[in-house]
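*Asks:* please find the sequence and the predicted model below.
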Amino acid sequence: MTPKITKSDLNRVFWRMQLLNVTNNFQSMQAIGFLSSFVPVLERLYKDRPKEERVSAMKRHLKFFNSHVNSDALILGITAAIEENTDETQKDTVTGIKTGLMGPLAGIGDSVLKFTWLPICGSIGATLALNGSILGPIIMFLLYNSVNIASKYYGIHLGYSKGVELINGVGGDILQHLSTIANIVGLMVIGGLIASVVKVNVVSEISAGDNVIVLQDMFDKVMPGFLSILTTFLVYKLLKKTNGKHAPLIIAGIMAISVVLTYLKVLG
């Protein structure tokens, strides 16, 4: 069977999906953006079909949908392949597979892009910026988007060419291994980022006769970076407890506490 969907159609899907999250809402999440991105595929498949079928197809893709935006590319490609190879009596399969892919691929997208590659890019950019280099934010932007854009482009084309084979059998094992590796690397990067960027320096001293105890030296002998990881852990617990709703307030609180403790010559 000769494919109806062309490379040009998939490229149009790629360009349209750059705005996929613009219409994100609490009712249907990414559904409107998914449909808007998917329009070139529907235009190709329903070009010579009755208007009622085209309307039905568009309504079908307006049902609730939410995943990681980079994983959306793979789902768009797979959905295009399934749409092309099923008749109108089997279209429930399209919705079912889309729904089934949302969660697993969202987890992979979060692990690889959000919790691994973004912190790596951020740590490189932040290190350069802390040293006074304007290249910090530029390099971070270029590094992140090199993977961000490539994963969307190749995700759409790979999803279409491999279809559901990518999720079943060997393809599924590869994705699972990638997710595990990404989690491990992400933890290593976050640990290194805490040690190099989060600085808590205690300047208070305790005098006992002629002996002076420098608190920071004592902390460093027990566990270097202990206060940094303790501060990070406390902030993490606060964010988790509040579901991230009060992140700006927590940031403002940290700034206020830092200013007060520095003024009192506790921190330096």
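*Replies:* That came in fine, so what should we check first? Numbers count the residues shown, from 1 in each chain.
*Asks:* what's the helix or strand for residue 118?
*Replies:* Assessed by DSSP states H and E, residue 118 sits inside helix 118-130.
*Asks:* okay, now residue 140: neighbour count?
*Replies:* 20 (other Cβ atoms under 10 Å). From N, CA and C alone the C-beta is placed, and that goes for glycine too.
*Asks:* please apply the same query to residue 83.
*Replies:* Residue 83 has 22 nearby residues by other Cβ under 10 Å.
*Asks:* thought it was touching residue 41?
*Replies:* Yes - Residue 83 sits in contact with residue 41 when judged by Cβ atoms under 8 Å, with a separation of 6.3 Å.
*Asks:* give the next helix or strand downstream of the helix holding residue 118.
*Replies:* helix 135-162.
*Asks:* quick one: distance of that next one to the chain centre.
*Replies:* 12 Å (Cα atoms, centre = their mean, to the nearest Å).
*Asks:* what's the angle from it to helix 118-130?
*Replies:* 160 degrees (axes from the mean of the first three to the mean of the last three Cα atoms, to 10 degrees).
*Asks:* show me what helix 135-162 is packed against.
*Replies:* For helix 135-162, the elements it packs on are helix 7-16, helix 69-84, helix 118-130, judged by 3 or more Cβ pairs under 8 Å, 6 or more residues apart in numbering; DSSP states H and E.
*Asks:* between the ones you listed, which gets nearest to residue 229?
*Replies:* Of all these, the one in closest proximity to residue 229, counting by Cβ to Cβ, is helix 118-130 (15.7 Å).
*Asks:* re the thing from before, tell me which residues in the helix holding residue 118 are buried?
*Replies:* Residues of helix 118-130 classed as buried: 118, 119, 120, 121, 122, 123, 124, 125, 126, 128, 129 (neighbour count, 16 or more other Cβ atoms under 10 Å).
*Asks:* measure the second one to residue 199 for me?
*Replies:* Relative to residue 199, residue 119 is positioned 18 Å away (Cβ to Cβ, to the nearest Å).
*Asks:* pLDDT score assigned to residue 159?
*Replies:* Note on residue 159: pLDDT of 89.
*Asks:* report the contact partners of it.
*Replies:* Contact analysis of residue 159 by Cβ atoms under 8 Å, 6 or more residues apart in numbering lists 73, 74, 75, 76, 77, 78, 79, 80, 81, 166.
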